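1. Next come a sequence and a model predicted from it.
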Amino acid sequence: MTKRMTFIPEQDWLDHYMKANPAEDRTEVQQSLRETMAFKAQGGRCECGEPIWAAGSAVCGSLMCFSCITGEADASDEYEAYLPDDTLKSETRVAELML
């Protein structure tokens, strides 16, 4: 079982990520993040059966859990982004993730 990560607001996660990765396009990262958060909010699971890590999945491009992305079990030093459910429903294209 993965040790729990810290949940932070989407904008805080984006600020943290962009500070460490200034060459990335913030708009593209945010769009990918919202899509993976929506997939997770609808019960999206990794192939192993665990809930996906939305923040990690947004960056790596695969819908996977923390352990499958990193090969590690301890996620206590990592962050997961969140948004209110109504924002996720109105601003994402969940169907595209399932193709």
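-> Structure received. Numbers count the residues shown, from 1 in each chain.
2. Any stretches of the chain with poor pLDDT?
-> 1-3, 84-99 (pLDDT under 70).
3. Pull the biggest helix by length in the chain out as CSV, backbone CA atoms only.
-> The residue-count maximum for a helix in the chain (DSSP state H) belongs to helix 26-41. Extracted C-alpha coordinates of helix 26-41, given in CSV (Å, rounded to 0.1, in the frame of the first residue of the first chain):
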residue,chain,number,x,y,z
ARG,A,26,1.9,26.0,-18.2
THR,A,27,-1.4,25.9,-20.3
GLU,A,28,-0.6,22.4,-21.7
VAL,A,29,0.4,21.1,-18.3
GLN,A,30,-2.8,22.5,-16.7
GLN,A,31,-5.0,20.9,-19.4
SER,A,32,-3.3,17.5,-19.0
LEU,A,33,-3.7,17.8,-15.2
ARG,A,34,-7.4,18.6,-15.4
GLU,A,35,-8.0,15.7,-17.7
THR,A,36,-6.2,13.3,-15.4
MET,A,37,-7.9,14.7,-12.4
ALA,A,38,-11.3,14.2,-14.1
PHE,A,39,-10.4,10.6,-14.9
LYS,A,40,-9.4,10.0,-11.3
ALA,A,41,-12.6,11.7,-10.0
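4. so what's the residue lying closest to Cys46 once chain neighbours are set aside up against?
-> Closest residue in space to Cys46, ignoring its immediate chain neighbours: Cys65 at 3.9 Å, by Cβ to Cβ, 6 or more residues apart in numbering. (C-beta placed from N, C-alpha, C; glycine too.) Cys65 makes contact with Thr2, Arg45, Cys46, Cys48, Glu50, Pro51, Ile52, Trp53, according to Cβ atoms under 8 Å, 6 or more residues apart in numbering.
5. returning to that earlier point: what about the longest helix of the chain, distance to the chain center?
-> 7 Å (Cα atoms, centre = their mean, to the nearest Å).
6. same for it, what does it pack against?
-> helix 10-20, helix 54-60, strand 79-82, helix 85-91, helix 94-97 (3 or more Cβ pairs under 8 Å, 6 or more residues apart in numbering; DSSP states H and E).
7. Wasn't Gly49 part of a helix?
-> No. Checked against DSSP: H, G, I helix; E, B strand; the rest coil, Gly49 lies outside a helix; its state is coil.
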